[in-house]
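> Got a sequence here, can you build the structure:
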Amino acid sequence: MEAERQLTSRRIYSGKILALRVDQVAIPGKGEAIREVVEFHGGGVIAALDEADRVLLIRQYRYAVDRELWELPAGILEPGEPPAICAARELEEETGYRAARVEPLCSFYTTPGGTNEMLHLFLATGLTLGGARLEADERIEVYPTPLSDALAMIARGEIVDGKTIIGLLLLASRSETLGRR
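Prediction:
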């Protein structure tokens, strides 16, 4: 399939974590259209398993949806920062845990119909507890949760965050492959 070609681009907004642009594009064989694109730096997400094979879930208020959400620790990539470093940093900042091992699980676009945001998901093991370093505007509670309980939370609609659902389902798939749950 032939790619759309950008004809014009206008930056509408540029902030700390995102930018918004409006592009006019040529669609092969179809004419022209307007594309609104939210640009993100991308981020790192980490599914951390403690010595009891519990996944570290965090609970925090999210202003954009006006509710508390269950999530895996995650954060925005700093310019030039490798995703694994970002994910490990966020694990430590948000939960106080450090990981001896961080391995990639997958990378995915969050909402490719309107944003270029790509998240990089990692598995963390060999955890040791230190101290959390929350940012001034963060209020986070950490809940080590058996994977089976976290999966039940998805089924009950208690976990609705996409990156967290993807991470937990990948952990479940991996656990089934390894013959444990």
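
> how many other residues sit next to residue 158?
By the criterion of other CB atoms under 10 Å, residue 158 has 11 neighbours. Backbone N, C-alpha and C define where each C-beta goes, glycine included.

> Make 31 the starting number, not 1.
Taking 31 as the first residue, the last one we looked at is residue 188.

> residues contacting the nearest residue to it once chain neighbours are set aside?
Nearest non-adjacent residue to residue 188, counting by CB to CB, 6 or more residues apart in numbering: residue 100, 6.3 Å away. For residue 100, the contact set (CB atoms under 8 Å, 6 or more residues apart in numbering) comprises 87-89, 173, 183, 188-189, 191, 194.

> try it again with 10 Å
By CB atoms under 10 Å, 6 or more residues apart in numbering, the contact set of residue 100 is 87-90, 171, 173, 175, 180, 183-184, 188-191, 194-195, 198.

> can you tell me which of those are in helices?
180, 183-184, 194-195, 198 (DSSP state H).

> CSV for these, including distance to residue 37 and pLDDT?
Below are the ones in helices among the contacts of residue 100 laid out as CSV (distance: CB to CB, whole Å; pLDDT from 0 to 100):
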residue, distance to residue 37, pLDDT
180, 46, 98
183, 46, 98
184, 42, 98
194, 38, 98
195, 37, 98
198, 42, 97
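
> Could you check the pLDDT of the nearest residue to residue 174 once chain neighbours are set aside?
Distances taken as CB to CB, 6+ apart place residue 84 nearest to residue 174, at 4.0 Å, with adjacent residues excluded. The per-residue pLDDT reported for residue 84 equals 96.

> Please apply the same query to residue 206.
67.

> residue boundaries of the strands in the protein?
Assignment of strands within the chain using DSSP state E yields the ranges 35-44, 48-57, 61-70, 73-78, 84-92, 97-101, 104-106, 127-139, 148-159, 170-176.

> which of the ones in helices among the contacts of residue 100 count as buried?
180, 183-184, 194-195, 198 (16 or more other CB atoms under 10 Å).

> Among those, find me the one that's closest to residue 109.
residue 194 (25.6 Å; CB to CB).

> so what's that closest one up against?
Going by CB under 10 Å, 6+ apart, residue 194 touches 75, 77, 85, 87-88, 99-104, 151, 180, 183-184.

> ok, now residue 190?
Counted by CB under 10 Å, 6+ apart, residue 190 has contacts 95, 97, 99-101, 183-184.
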